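J.: this is a predicted model, with the sequence first.
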Amino acid sequence: MQPSPELLNPTQADFQRAIEAVRERYTQEGHTLWDIGNGLCEDFVDDVLTEVVGEGWQMNEGGEGTKWWEVYTDGLYDAETEGRWDWSLLARIYGINIPEGDRDRYDAIATMGANHVWIFHEGRHYDCEHPEGVSSFFELNFFRRYLDLAEKLHAA
């Protein structure tokens, strides 16, 4: 049986409701938002996508007509250079255009080994701390904490 088009193309509200529901389950199990974002993020994303799209969501991820997918940090690094984001990919796929003069600051995240998993849907990035989504994954608190750390280390 083919999933309905509504399941393949959920709305922002669908993601927000699911993230809030799954987040509540995780916190009732004793996990903090930090725990979820730092070690449980892949499981969390799987649970959210199961809630929104249904079991076997992986079979439809990024497929024709879908506007959502799971994002892994390591898939966004430039394979040719160690410790750099693939800036052309970020611009092309996600519309993220960090000025060249500021890129070293963001590349520091890659050199620190930041690994995260989140959901991308119609131009927005979602994780446990951002059920409403943000326009750039660098706005996710997970990455903001790394940016803050990079700035502190650079200032020292």
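T.: Sure thing, it's come through.

J.: CA only for contacts and neighbour counts going forward, please
T.: Noted.

J.: let me see the ranges of the helices in this protein.
T.: 5-8, 12-28, 33-37, 41-53, 87-94, 103-111, 141-155 (DSSP state H).

J.: take these and write them to JSON lines, including mean pLDDT, mean neighbour count and distance to residue 77.
T.: Conversion of these to JSON lines gives the following (pLDDT from 0 to 100; neighbours: other CA atoms under 10 Å; distance: least, CA to CA, whole Å):
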{"stretch": "helix 5-8", "mean pLDDT": "52", "mean neighbour count": "14", "distance to residue 77": "28"}
{"stretch": "helix 12-28", "mean pLDDT": "97", "mean neighbour count": "17", "distance to residue 77": "26"}
{"stretch": "helix 33-37", "mean pLDDT": "94", "mean neighbour count": "17", "distance to residue 77": "19"}
{"stretch": "helix 41-53", "mean pLDDT": "94", "mean neighbour count": "20", "distance to residue 77": "18"}
{"stretch": "helix 87-94", "mean pLDDT": "93", "mean neighbour count": "14", "distance to residue 77": "8"}
{"stretch": "helix 103-111", "mean pLDDT": "87", "mean neighbour count": "18", "distance to residue 77": "7"}
{"stretch": "helix 141-155", "mean pLDDT": "86", "mean neighbour count": "15", "distance to residue 77": "14"}
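
J.: ok, which of these comes nearest residue 74?
T.: Nearest to residue 74 among those is helix 103-111 (8.6 Å), distances taken as CA to CA.

J.: report the distance from the closest one to the chain centre.
T.: 17 Å (CA atoms, centre = their mean, to the nearest Å).

J.: by contact count, what packs against that helix?
T.: helix 141-155 (3 or more CA pairs under 8 Å, 6 or more residues apart in numbering; DSSP states H and E).

J.: format the helices of the chain as a markdown table; extra columns: distance to residue 122.
T.: Putting the helices of the chain into a markdown table (distance: least, CA to CA, whole Å) gives the following:
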| stretch | distance to residue 122 |
| --- | --- |
| helix 5-8 | 12 |
| helix 12-28 | 8 |
| helix 33-37 | 22 |
| helix 41-53 | 15 |
| helix 87-94 | 10 |
| helix 103-111 | 23 |
| helix 141-155 | 20 |
